[in-house]
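In: predicted model follows, preceded by the sequence.
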Amino acid sequence: MKHSQAIARLKGMVAWDQEPALSQAELDALLTSARRPDADGNLIEDVVAWEADTSYVKGDRVTVGDGFAYVCVQEGVTGVTQPVMDETTEDGSVVWQRDGESVWTPTYDLNYAAAEGWLLKAGKAASMVSFQADGARFDRDQIIANCRTLEEHYRQRVVGTVTVPSRKRMVTMPPAKRQRRKRHAK
């Protein structure tokens, strides 16, 4: 999933523009914390999936799914179609240089990011003031309770990732099943 697609989905999951609102920087941090090993068991790298018509600065690293990472050596805006990458590739006004192997496909646990987002919103709500005006009541404690309810809603959907060494593949299992399995193993 591309970074912009993940951010767009996360914005909807956390009602990012509703008070207490989350900033773009907070959304980016939540998504970064939600990075996970990909379906093939490849570990997380500091790369994002290449995107068309996107601004990049020197040092940004992307992957196009060919097993390599590419670093931006001339900042600018990418073209409208993904180029065929080489050792050095011009892409719109951006210049990419091959930067070694990269086999990780950007993968995110959006439920984890949403749970953390609602927890962050609950923390922000703690500084709000309860008041009553024009017959309506604004209750800070109710906002916090709603944020915590949504945090728990997404927290229950977080998928754990466990590497099974003998098979070298990823197994995903909801946290509740992991707990039951641990009890039976004793």
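Out: That came through, no problem. Residues are numbered from 1 along each chain as shown.
In: residues in contact with the residue most central in space within the chain?
Out: Centroid-nearest residue in the chain: residue 31, 2.4 Å away (criterion: C-alpha atoms, centre = their mean). Residue 31 makes contact with 3, 6-7, 10, 108, 113, according to C-beta atoms under 8 Å, 6 or more residues apart in numbering. C-betas here are computed from N, CA, C, even on glycine.
In: what helix or strand does it sit in?
Out: Element membership for residue 31, per DSSP states H and E: helix 24-33.
In: CA-only coordinates of that helix, as PDB, when you get a sec.
Out: What follows is helix 24-33, C-alpha atoms only, in PDB (Å, rounded to 0.1, in the frame of the first residue of the first chain):
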ATOM      1  CA  GLN A  24      -0.400  15.800   9.300                       C
ATOM      2  CA  ALA A  25       2.900  15.300  11.300                       C
ATOM      3  CA  GLU A  26       1.000  13.300  13.900                       C
ATOM      4  CA  LEU A  27      -0.600  11.200  11.200                       C
ATOM      5  CA  ASP A  28       2.800  10.500   9.600                       C
ATOM      6  CA  ALA A  29       4.200   9.500  13.000                       C
ATOM      7  CA  LEU A  30       1.300   7.200  13.600                       C
ATOM      8  CA  LEU A  31       1.800   5.500  10.200                       C
ATOM      9  CA  THR A  32       5.500   5.200  10.800                       C
ATOM     10  CA  SER A  33       4.900   3.400  14.100                       C
END
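In: helices of this protein, residue ranges please.
Out: Here the chain has its helices, by DSSP state H, at 3-13, 24-33, 110-125, 140-155, 175-185.
In: what is the first one packed up against?
Out: Helix 3-13 makes packing contacts with helix 24-33, helix 110-125 when contacts are defined by 3 or more C-beta pairs under 8 Å, 6 or more residues apart in numbering; DSSP states H and E.
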